[in-house]
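Participant: take this sequence and fold it.
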Amino acid sequence: MNQLQLLHEYFGHTSFRSGQEEAIDAILQGKDVLAVMPTGAGKSICYQIPALMLQGITLVISPLISLMKDQVESLHQAGIPAACINSSMTSEEYQNVMYEAKQGLYRLLYIAPERLMSESFLRFAVHAPIAMITVDEAHCVSQWGQDFRQSYLDIARFVSALPRRPVIGAFTATATQQVSQDIIRFLMLCEPVRITTGFDRKNLYFGVQTPKDKSKALLSLLQQHKGKSGIVYCLSRKLVEQVCEELCTAGFAATRYHAGLTPEERTVNQEDFLYDRKTIMVATNAFGMGIDKSNVSFVIHYNMPKDLESYYQEAGRAGRDGEPASCVLLYSGRDVRTNQFLIEQARETEEVQDIALRESLIAKSKERLKTMTIYSTAAECLRSYMLRYFGETAPHFCGNCSACLQTVEKKDITLEAMKIISCVYRGQQKGYHLSRTMTAAVLTGSSKKTLLDMRLDQLSTYGIMSDCSAATVLQMIDALIAGGDLGLRPYKEYSELILTAESAAIIRKEKRVEIQLPKNETTAARQENISEGDEAMFQALRKLREKIAMKEHVPPYVVFSNAALRDMCRRKPENLQEFMLVSGVGVMRSQKYGKEFLKEIKKFIQIS
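Facilitator: Reported below is the predicted structural model:
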């Protein structure tokens, strides 16, 4: 069988996605590969199909136990022999896997990088017919990557210890030029074929909201996605606990994940989410890498992340099955200050001994934070902004983001900007270190006791914007910060506003300032290509899928993705041959589940 036939036979697809065939061809020709493909682009196909065609075993080095288990379960469902080796196994389980691997019973063997150099595994590896080594999440090898793991530096040593060098494939969702170079260098790739597919995932809606009350905004969004699976990301453990409790109280099936929980609780909570026992996961960024859950319909960021790379990777966990999905960021100016504090206090930075290097790393992190802040306050197409950041050309209107789907009007705030800058300047003259909120309070003439006790009402700029609300002034201040017209720097436990070169240009009337304000905010409504009558069939097929998944002790999406169920509703197959043509089914799953699903589909065909 050729690769296209294998793709249909085992994975139920009739054509390759962008970059997949190129990676497969290169591997089969014995060439190393470095593939940067976004979440949901189908990286695993790139090494799983060659594993079925090469003579020998494919070793997949993976950083997370959850990822290994998920991949192995999916391969078993497709009829492909695979196993994994990780620290959660008992000695007996490990010995059984090693015995069967020596007998040549597996096509793919997943292993954690920490186990590579163990004496027992090395003994196996030097005698095993290893045809290919796949390094998943390859950015972990780079200290410039956001998920650096020391154990990844052992991979090159492991390869050098083998009597024959296998072909090596390195795969990651995001990598800057620096990280890509590190991957090639530290993994010692030999003139690799480099593949970078586009970052534009058209099924994802990107939105930014700036709500006064984030809790209410979150509950409103979740009502729109009632019953669907999704992730809510928070910046801190404390917020995770708070938000999860609020959602549970409001009747949502939510669970939590952060580094402060015990490993046992994290595992239980993660499995509750993967198996759809809980539909919402509230988590810090500790959750997500390697999670291959295909039916995540939404990702909501309760706080703004520290950079666009992190946001793209986390938001990209939605819509892996190709179905329409929503990625919404709830932004507030406080998120900027929190991230600045986290950057200053980052353990990774504090451990750097070279002071100049430490300061350089902090400066770069702050520059990335500025880019993220501009995205969060931008009036232009969000998708266009993101794609340009990753080096791609993009249209100025995508039609599927909050900026494109709301009517906006430009407002000249040059006069207001001059008043704000003057307030900061007058405050500095008097020895004050004004925060965003305190500046807004001075300008609007607040009578708060704290402000009066500090005698800030004596400033000449006190009350000169009393015709505006504090929220409106804060919005203008954030726009000035995003445009570089004002700056922020840490002062004690908060951040103070500071003047920039652009501030002077505005005061001298050399620069105008405009911001975009929404006339009518609209919710992005995305119609799924499925009729109202078919929705009942879809729900029935979901229940059948859940029943089978419980029986086989696997997550429901491992049986069939939501996209496959919807394609069944559209096609309405009446026999196994037609059922095999459904996207994501293939020969193996058709033989395994076809009769049960056809029986359920037949009920609705008869009704119609």
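Participant: what pLDDT does the closest residue to residue 322 other than its chain neighbours get?
Facilitator: The shortest distance from residue 322 to any non-neighbouring residue, by CB to CB, 6 or more residues apart in numbering, is to residue 563 (5.0 Å). To be clear about C-beta, it is placed using only N, CA and C from the backbone, and glycine gets the same treatment. We note a pLDDT of 83 for residue 563 in this prediction.
Participant: over to residue 563: give its phi and psi.
Facilitator: Dihedral pair for residue 563: phi -60, psi -40, per degrees, to the nearest 10.
Participant: next one: residue 487
Facilitator: Torsion angles, degrees, to the nearest 10, at residue 487: phi -120, psi 170.
Participant: can you check residue 207 too?
Facilitator: Note on residue 207: backbone dihedrals following degrees, to the nearest 10 are phi -140, psi 150.
Participant: quick one: the residue nearest to residue 322 and residue 324 touch, right?
Facilitator: No - in this structure residue 563 lies outside contact range of residue 324 using CB atoms under 8 Å: 10.3 Å.
Participant: quick one: residues contacting residue 73.
Facilitator: 554, 555, 558 (CB atoms under 8 Å, 6 or more residues apart in numbering).
Participant: for residue 271, see how far away it is.
Facilitator: 12 Å (CB to CB, to the nearest Å).
Participant: repeat for residue 420
Facilitator: From residue 420 across to residue 271, the span is 50 Å (CB to CB).
Participant: more crowded one of residue 563 and residue 324?
Facilitator: Using other CB atoms under 10 Å, the more surrounded residue of residue 563 and residue 324 is residue 563, with 20 against 17.
Participant: would you map out the domains in this structure?
Facilitator: Domain assignment for the chain by automatic domain parsing gives 3-196, 204-406, 409-519, 532-607.
Participant: what helix or strand does residue 195 sit in?
Facilitator: strand 193-196 (DSSP states H and E).
Participant: just the strands in the stretch 201-350 of the chain please.
Facilitator: Secondary structure of the stretch 201-350 of the chain by DSSP state E, counting those that start in this stretch: the strands cover 204-209, 229-233, 254-257, 280-283, 296-301, 325-330.
Participant: what about these, which gets the closest to residue 413?
Facilitator: strand 204-209 (19.4 Å; CB to CB).
Participant: export stretch 6-15 as PDB, just CAs?
Facilitator: Output in PDB follows, covering the C-alpha atoms of stretch 6-15 (Å, rounded to 0.1, in the frame of the first residue of the first chain):
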ATOM      1  CA  LEU A   6      -2.700   3.900   4.200                       C
ATOM      2  CA  LEU A   7      -4.100   7.400   5.000                       C
ATOM      3  CA  HIS A   8      -7.600   6.200   4.000                       C
ATOM      4  CA  GLU A   9      -7.200   2.600   5.400                       C
ATOM      5  CA  TYR A  10      -6.100   3.600   8.900                       C
ATOM      6  CA  PHE A  11      -7.100   7.200   9.400                       C
ATOM      7  CA  GLY A  12     -10.200   7.600   7.100                       C
ATOM      8  CA  HIS A  13      -9.000  10.600   5.000                       C
ATOM      9  CA  THR A  14      -8.800  10.800   1.300                       C
ATOM     10  CA  SER A  15      -6.200  13.500   0.900                       C
END
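Participant: report the residue spans of the stretch 501-608 of the chain with pLDDT below the cut-off.
Facilitator: 516-533, 606-608 (pLDDT under 70).
Participant: repeat that for the stretch 101-250 of the chain.
Facilitator: For the stretch 101-250 of the chain, residues meeting the criterion pLDDT under 70 lie at 143-147.
Participant: residue 35 pairs with what?
Facilitator: In this entry, residue 35 is beta-bridged to residue 171, residue 195, by DSSP bridges.
Participant: run a quick neighbour tally on it.
Facilitator: Look at residue 35: counted by other CB under 10 Å, it has 27 neighbours.
Participant: helices of the stretch 301-450 of the chain, start to end?
Facilitator: Assigned by DSSP state H, counting those that start in this stretch, the stretch 301-450 of the chain shows helices spanning 308-315, 333-345, 347-350, 355-377, 382-389, 414-429, 436-443, 449-453.
Participant: mean pLDDT lowest for which of those?
Facilitator: Among the helices of the stretch 301-450 of the chain, helix 347-350 carries the lowest mean pLDDT, at a mean of 59.
Participant: quick one: residue 484 is in a strand?
Facilitator: No - judged by DSSP: H, G, I helix; E, B strand; the rest coil, residue 484 forms no part of a strand; its state is coil.
Participant: can you give me the buried ones in stretch 442-456?
Facilitator: Of the residues in stretch 442-456, 442, 443, 444, 445, 446, 451, 454, 456 count as buried by neighbour count, 16 or more other CB atoms under 10 Å.
Participant: looking at those, spot the one nearest residue 469.
Facilitator: Nearest to residue 469 among the buried residues of stretch 442-456, with distances taken as CB to CB, is residue 444, at 7.0 Å.
Participant: residues contacting that closest one?
Facilitator: Counting by CB under 8 Å, 6+ apart, residue 444 makes contact with 463, 465, 466, 468, 469, 470, 473.
Participant: what's the answer for residue 121, then?
Facilitator: Counting by CB under 8 Å, 6+ apart, residue 121 makes contact with 85, 98, 111, 115.
Participant: one more time with 6 Å
Facilitator: residue 115 (CB atoms under 6 Å, 6 or more residues apart in numbering).
Participant: cool, residue 14 as well?
Facilitator: Residue 14 neighbours (CB under 6 Å, 6+ apart): residue 8.
Participant: surely it is within a strand?
Facilitator: No - judged by three-state DSSP, residue 14 forms no part of a strand; its state is coil.
Participant: next one: it from residue 572, what distance?
Facilitator: 18 Å.
Participant: next one: residue 367
Facilitator: 53 Å.
Participant: do you know how far the residue nearest to residue 322 is from residue 76?
Facilitator: Distance, residue 563 to residue 76, by CB to CB: 20 Å.
Participant: circling back to that earlier point, just say which of the strands of the stretch 201-350 of the chain is most tucked in.
Facilitator: Of all these, strand 280-283 has the most neighbours on average by mean count of other CB atoms under 10 Å, namely a mean of 27.
Participant: sorry, back to before: which one's more surrounded, residue 420 and residue 271?
Facilitator: Taking neighbours as other CB under 10 Å, residue 420 and residue 271 compare with residue 420 leading, 30 against 15.
Participant: now the more buried one: closest residue in space, sequence neighbours ignored.
Facilitator: Excluding the flanking residues, the one nearest residue 420 by CB to CB, 6+ apart is residue 477, at 6.0 Å.
Participant: would you list the phi and psi of that neighbour?
Facilitator: The phi/psi pair for residue 477 (degrees, to the nearest 10) is phi -60, psi -40.
Participant: packing partners of the strand holding residue 195?
Facilitator: Under the contact criterion of 3 or more CB pairs under 6 Å, 6 or more residues apart in numbering; DSSP states H and E, strand 193-196 touches helix 20-28, strand 33-36.
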